[in-house]
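# Mind folding the following:
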Amino acid sequence: MTHHLPSRRHVLAGLGAAGTTALLSGCVTSTSSGTTSSKGAVTLQSNLSAPQAKAAMQDLVAAYGKKGKGQAGLNTVAAETFRTQLPTYLTSANPPDVYTWYPGSVADAYAKKNLLLDLDEVWNSSPDLKKYSKALNSLCTASSGKKVFVPTTYYWWGMFYRKSNFAKWGVSAPTTWDDFLDLCDRLKAEGVAPIGLGAGGGTAWVASAWFDYLDIRVNGAAYHRELLAGKHRFDDPEVRRVFDRWREVLPYFDPDGTAVAFQDATTALLNGRTGMMLIGTFFADAAPKDALDDIDFFRFPVIDSKIPLAEEAPTDGYFASARTGRREQVFDLMRYLATAEAQEIYIKGSSGTVLPCNPAAKDAGTALVSKGRKHIEEAVEITQFFNRDSSDALQPTADTALTKFIARPNDVGGILTQWQRDAEKIWNA
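Residues are numbered from 1 along each chain as shown. Prediction:
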């Protein structure tokens, strides 16, 4: 079985930009040419700050150092800080060399500003990258036609729960929307908040998963893609239908859903205070490893069987600064990151709930991962996530609109009108 996103899947792309804040000082050495120094280790700026993910990155950097070709220095930055500071890293006179981030529309937005290093040479010289799927090739190619990204892993989103808790409550995973509402009623009767969220504490973007999934279930992935590209309006009747469905389940959401970060929502899920949670597998990096065998998920319920089945399965990996003075060293590190060995090291060191992009790499082989791979392969279309399919700049407009809706669902009309206005400012910038 191949270990990559099948090329028949439509991987979404778009364009955009991102906001800025102050750059963390002292990351790398400045030179008169306004690039990083050509001497010393490659600086690898990582947003993988959850304990298991951070440890896995440390293992990866150590393994690369033992290869003897070069060294990499790892700077780990809290994920939410990294997100807001990334544009400033890339535009500074002395940027870090390599970054963990996302391909597709987000990478293309930076590439259009000439901030990303052309990686054609890496793709042309790497025997590993030659084996990658057409879908991944496309996802890593900027609108200029240049490769700007090296993908290493991908993962899936789903409705996650603890098997032992579902057994204790005498409930099972639903398949239809009506079954899902029935499950929520039964959990509420048990005194449990049926749906955890975690859209507070700097992780408001988690709420976008609900918008994404309801839109791809109600209107389909093609409409969703066009909406995020500005070809439809957020105050259109089709989008109102998405929020009509959301209002049906809103009474079942954890009242603390917009007050706590997803890491705290994960704890609430594991200890049985909430019943289930729409989240990506990255949440497992914040969970105790001994809990992983008790975690399962089900597909976000199908609402309209006539709509082609789509799932969120984001791809992660690396891009590099166009201003690096360590071009050859960066190329060497990128070629290593594309190998099966590197991806297996990361998977073993982390929670092991991601899938490798290299078709020769082995995944963790657990029942959860095998089910996740099948879940993705059954989809007709693959979406990434709200900001990945639009831009980092559009994400705050979603955060504002969706958290307002959760607090004041009766104001949905005004909220969507304002969302459209805010989005137009980004699209027209």
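# How are the strands of the stretch 151-300 of the chain distributed by residue range?
Per DSSP state E, counting those that start in this stretch, the stretch 151-300 of the chain carries strands over the ranges 157-162, 193-196, 274-280, 295-298.
# will you turn those strands into TSV that also has mean pLDDT, distance to residue 331 and mean neighbour count?
In this view, the C-beta of every residue, glycine as well, is placed from N, C-alpha and C. Converted to TSV, those look like this (pLDDT from 0 to 100; distance: least, Cβ to Cβ, whole Å; neighbours: other Cβ atoms under 10 Å):
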stretch	mean pLDDT	distance to residue 331	mean neighbour count
strand 157-162	97	33	23
strand 193-196	98	43	25
strand 274-280	97	30	24
strand 295-298	96	38	20
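# right, so of those, which gets closest to residue 382?
Each of the strands of the stretch 151-300 of the chain has some distance to residue 382 by Cβ to Cβ; the shortest is strand 157-162, at 10.8 Å.
# And the contacts of that closest one?
Residues external to strand 157-162 that are found in contact with it (Cβ atoms under 8 Å, 6 or more residues apart in numbering): 173, 209, 213, 269-270, 272, 275-281, 283, 291, 294-300, 311-314, 372, 375, 385.
# any chance of the strands of the stretch 151-300 of the chain in TSV, with distance to residue 52 too?
Shown next, in TSV, are these (distance: least, Cβ to Cβ, whole Å):
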stretch	distance to residue 52
strand 157-162	16
strand 193-196	20
strand 274-280	14
strand 295-298	14
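# Figure out which of those is closest to residue 92.
Closest approach to residue 92 among those is made by strand 274-280 (29.7 Å; Cβ to Cβ).
# In its sheet, which strands sit next to the closest one, and in what direction?
strand 157-162 (antiparallel), strand 193-196 (parallel) (DSSP bridges).
# Show me what secondary structure element comes after the strand or helix carrying residue 332.
Assigned by DSSP states H and E, residue 332 belongs to helix 327-337. As assigned by DSSP H and E, the chain's next helix or strand after helix 327-337 is helix 340-349.
# Please name the residues that touch residue 154.
Counting by Cβ under 8 Å, 6+ apart, residue 154 makes contact with 5, 313, 314, 315, 316, 354, 355, 357, 376.
# Sorry, wrong one. I was asking about residue 296.
Residue 296 makes contacts with 160, 161, 162, 163, 166, 173, 368, 371, as judged by Cβ under 8 Å, 6+ apart.
# what's the answer for residue 199, then?
Residue 199 touches 205, 206, 207, 257, 258, 262, 399, 402, 403, 406, counting by Cβ under 8 Å, 6+ apart.
# ditto for residue 64
70, 71, 72, 333, 336, 342.
# one more time with 10 Å, if that's ok
Residue 64 makes contacts with 42, 44, 70-72, 332-333, 336-337, 339, 341-342, 345, as judged by Cβ atoms under 10 Å, 6 or more residues apart in numbering.
# Just the pLDDT at residue 393, thanks.
In this model, residue 393 is scored at 87, pLDDT.
# Checking it next. Helix, strand or coil?
Of the three states, residue 393 takes coil under DSSP: H, G, I helix; E, B strand; the rest coil.
# shift numbering so it begins at 20
Okay, residue one is now 20; in that scheme the one you just asked about reads as residue 412.
# Am I right that it is in contact with residue 406?
Yes - in this structure residue 412 lies within contact range of residue 406 using Cβ atoms under 10 Å: 8.4 Å.
# Out of the two, name the residue with the larger neighbour count.
Legend: neighbour count by other Cβ atoms under 10 Å for residue 412 and residue 406, higher for residue 406 (25 against 21).
# which one is that one nearest to, not counting chain neighbours?
Spatial nearest neighbour of residue 406, chain neighbours left out: residue 414 (3.9 Å); criterion: Cβ to Cβ, 6 or more residues apart in numbering.
# I figured that neighbour hits residue 227, correct?
Yes - at 7.1 Å, residue 414 counts as touching residue 227 under the criterion of Cβ under 10 Å.
# shared neighbours, these two?
Residues within reach of residue 414 and of residue 227 at once, by Cβ under 10 Å, 6+ apart, are 404, 405, 406.
# need those in TSV with distance to residue 152, secondary structure and pLDDT, can you?
Formatted as TSV, these follow (distance: Cβ to Cβ, whole Å; DSSP: H, G, I helix; E, B strand; the rest coil; pLDDT from 0 to 100):
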residue	distance to residue 152	secondary structure	pLDDT
404	19	coil	93
405	24	helix	93
406	23	helix	90
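# Would you mind giving those as TSV with distance to residue 127 added?
Supplementary listing: the shared contacts of residue 414 and residue 227 in TSV, determined by distance: Cβ to Cβ, whole Å:
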residue	distance to residue 127
404	15
405	16
406	13
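# between those, which is nearest residue 175?
Nearest to residue 175 among the shared contacts of residue 414 and residue 227, with distances taken as Cβ to Cβ, is residue 404, at 11.2 Å.
# is it true that the closest one touches residue 229?
No - the pair residue 404 / residue 229 is not scored as a contact, 11.8 Å apart, by Cβ under 10 Å.
# tell me the SS of residue 398?
Put simply, residue 398 is coil when judged by three-state DSSP.
# Name the nearest residue to it, sequence neighbours excluded.
Excluding its sequence neighbours, the residue lying closest to residue 398 (Cβ to Cβ, 6+ apart) is residue 330, at 4.1 Å.
# Next, the contact list for that neighbour, please.
Here residue 330 is in contact with 28, 175-177, 232, 235, 240, 318-319, 391, 394-402 (Cβ under 10 Å, 6+ apart).
# Let's see that with 7 Å instead.
Neighbour list for residue 330: 175, 394, 395, 398, 401 [criterion: Cβ atoms under 7 Å, 6 or more residues apart in numbering].
# which residues of the stretch 70-219 of the chain fall in helices?
Along the stretch 70-219 of the chain, counting by DSSP state H, counting those that start in this stretch, helices occupy 70-85, 98-110, 124-131, 139-144, 153-158, 182-188, 196-208.
# I'd like to know which of these is closest to residue 169.
Distance to residue 169, taken as Cβ to Cβ, is lowest for helix 139-144 among the helices of the stretch 70-219 of the chain, at 6.5 Å.
# buried ones in that closest one?
By neighbour count on 16 or more other Cβ atoms under 10 Å, the buried set for helix 139-144 is 141, 142.
# Give me the phi and psi angles of the residue nearest the centre of the chain.
Centrality entry for the chain: nearest residue to the mean C-alpha point is residue 333, 5.0 Å, by Cα atoms, centre = their mean. Reported as degrees, to the nearest 10, the phi and psi values for residue 333 are phi -70, psi 150.
# what pLDDT does it get?
If you check residue 333, the pLDDT there is 93.
# so how far is residue 347 from the residue lying closest to it once chain neighbours are set aside?
Distance criterion Cβ to Cβ, 6+ apart; nearest residue to residue 333, sequence neighbours excluded, is residue 403 at 4.7 Å. Using Cβ to Cβ, to the nearest Å, we find residue 403 at a distance of 31 Å from residue 347.
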